[in-house]
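In: Dropping the sequence and predicted coords here.
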Amino acid sequence: MSNALQRDLERLVVRVEREDGPRAAADPYRPRFHLMPPVGWMNDPNGLCRFGEWYHVFYQYGPFDPTGGVKHWGHYRSRDLLHWEQLPPMLYPDQPWDIHGVYSGSALVEDGTMYLYYTGNVKYAGDYDYITAGRGHNTALAVSHDGVTVASNELLLENKDYPENVTCHVRDPKVWAQDGKYYMVLGARTKEDRGQLLVYESANKRNWKHINTLTTPEVFGYMWECPDLFCLDGQWFLMCSPQGVTRQGNKYQNVYSCGYFPLHGDFRGAYTLGEYQELDCGFDFYAPQTFVDGERRLLIGWMGMPDADYTNPTVENGWQHGMTVPCELKRDSEKLLRVPAPEMEALRGERIAPEQAQIFDLEAQTAPRGRLVIRGAAVLEWDEGTLSLTLVQGGSGRTVRYAEPGTVRSLRVLADASSLEIFVNGGEQVLTTRYYPAPHACGVQSEGVQAELWAMGALQIQ
């Protein structure tokens, strides 16, 4: 299925990737074992799924502007999370209901068909605030039978179909099948500036009825973006990215938060939400999405932060942002542990000495007090229950972030050319950040650490 606008956009994307791709590829800060945009801008992961023998990663893609621009759904697929094929964008902003951007959404795989639910963005010309008026946030469905091309695209819900008390900010559908029916959660902002999730039910994947609203007794941010609702080992979790949460000590340090609530009861009826937990304490982690892969649940997040007051120098070379490594989620009572998927260990090369470390995987047992200095740019220190990550060079405006893991017993650090993912105590807490040390800088200095280090190889992307 295509139309004239899509065909024009296809040609433009091919041209910009051909013309700007070599400059982006030559950037010394280009990650080696993370997915990133071929050119332009990347943000939220979308439509994560296993479809037949392929893993599919879609993502918000602005090919024409490394600072944003009109959004498409970029597309990678892999059989093993290590060898990736870059495919043409799956969705283009080429319909009346998504003309100003194909925004975030999810995938439902059923009977050999991929159903891609997404938000179509429309901004009307006029004197609007684009919160209470002037914006169409439309829930749409694209269907694919091969996971590569779209067979049909249709509008399902528009502003008039949402509850009367919400603003124009309703987006990011997450859809799944359960108990012979289909369920969808949408992030929403009310007219009273309260974040919440709208729960919808369907018998046929296309006709949807609002059946419940999930929120906290007290206001917790004005908008809950990128929702995810899932059961892990018998416990339900509500994951979202709340906007407008005020910093409290070492909590909610970023402009927007990202985390989860344990959910008790039934999301379709009476429920309570437990204590909110942040998923990441670093500078650059937002809008994660999970999906089921056999017996495990995998998570990938956007290694970025919207509206942050820090920057990325890669914009000068025509690209910006990337994805986290795929991680497994594990349950520890009412908390989630996040650890790199075991496939990442296949990228380990030879063991290296600390002074050789540049792009590496580090595993360490730690004393209760200690320190790591990574490539002369990032300093990790911990003592008396508090851990800090300070960027002393190459932070591009990033300064310091804190975590409170209690006693630090172990660390795992995945260090790419311009990113750090720091897993504390087996994933009890994680700090993810971009950083920009001198391109040839190397070395890890440590105190209170017994570490093994491996040089990391690159993903194979074609």
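Out: Noted; the coordinates are in hand. Numbering: from 1, shown residues only.

In: Contact partners for residue 274?
Out: By CB atoms under 8 Å, 6 or more residues apart in numbering, the contact list for residue 274 reads 261-264, 334. Heads up, the C-betas are built off the backbone N, CA and C, glycines and all.

In: Going by residue numbers, what spans are helices in the stretch 251-400 of the chain?
Out: For the stretch 251-400 of the chain, applying DSSP state H, counting those that start in this stretch gives no helices.

In: Return the members of the contacts of residue 274 classed as buried.
Out: Buried members of the contacts of residue 274, scored by 16 or more other CB atoms under 10 Å, are 261-263.

In: Closest to residue 176 out of those residues?
Out: residue 263 (14.3 Å; CB to CB).

In: Any idea how many residues pack against the closest residue to residue 394 other than its chain neighbours?
Out: In space, and not counting its chain neighbours, residue 394 is closest to residue 436: 3.7 Å by CB to CB, 6 or more residues apart in numbering. Residue 436 has 21 neighbouring residues, counting by other CB atoms under 10 Å.

In: Can you tell me the SS state at residue 436?
Out: The local conformation at residue 436, judged by DSSP: H, G, I helix; E, B strand; the rest coil, is coil.

In: can I assume it is in contact with residue 397?
Out: No: here residue 436 lies out of contact with residue 397, judged by CB atoms under 8 Å, at a distance of 10.6 Å.

In: need the contacts of residue 274 in TSV with pLDDT and distance to residue 377, can you?
Out: Output for these, formatted as TSV (pLDDT from 0 to 100; distance: CB to CB, whole Å):
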residue	pLDDT	distance to residue 377
261	98	35
262	98	37
263	98	40
264	98	43
334	97	36
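
In: low pLDDT regions in the stretch 101-250 of the chain?
Out: The stretch 101-250 of the chain contains no residues with pLDDT under 70.

In: can you map out the strands along it?
Out: 102-110, 113-123, 135-144, 152-157, 166-178, 181-190, 195-202, 209-214, 223-232, 235-243 (DSSP state E, counting those that start in this stretch).

In: Redo those as a markdown table? Include mean neighbour count.
Out: Shown next, in a markdown table, are the strands of the stretch 101-250 of the chain (neighbours: other CB atoms under 10 Å):
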| stretch | mean neighbour count |
| --- | --- |
| strand 102-110 | 24 |
| strand 113-123 | 22 |
| strand 135-144 | 22 |
| strand 152-157 | 17 |
| strand 166-178 | 21 |
| strand 181-190 | 23 |
| strand 195-202 | 21 |
| strand 209-214 | 15 |
| strand 223-232 | 22 |
| strand 235-243 | 23 |
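
In: The ones you listed: which one's closest to residue 15?
Out: Per CB to CB, nearest to residue 15 of the strands of the stretch 101-250 of the chain: strand 102-110, 19.6 Å.

In: Grab the most central residue of this protein for me.
Out: With distances taken as CA atoms, centre = their mean, residue 301 lies nearest the centre of the chain, 2.4 Å away.

In: tally of neighbours for the residue lying closest to that residue once chain neighbours are set aside?
Out: Excluding the flanking residues, the one nearest residue 301 by CB to CB, 6+ apart is residue 288, at 3.6 Å. For residue 288, the neighbour count with other CB under 10 Å is 27.

In: ditto for the one 4 residues further on
Out: The burial metric for residue 292, expressed as a neighbour count using other CB under 10 Å, is 15.

In: what about it, distance to residue 247?
Out: Counting by CB to CB, to the nearest Å, the gap from residue 292 to residue 247 is 34 Å.

In: Check residue 189 too.
Out: Residue 189 is 20 Å from residue 247, by CB to CB.

In: Can you name every helix or strand that the helix or strand hosting residue 41 contacts?
Out: When secondary structure is defined by DSSP states H and E, residue 41 falls within strand 40-51. Counting contacts by 3 or more CB pairs under 8 Å, 6 or more residues apart in numbering; DSSP states H and E, strand 40-51 is packed against strand 54-62, strand 72-78, strand 102-110, strand 113-123, strand 286-293, strand 296-303, strand 319-320, strand 322-323.
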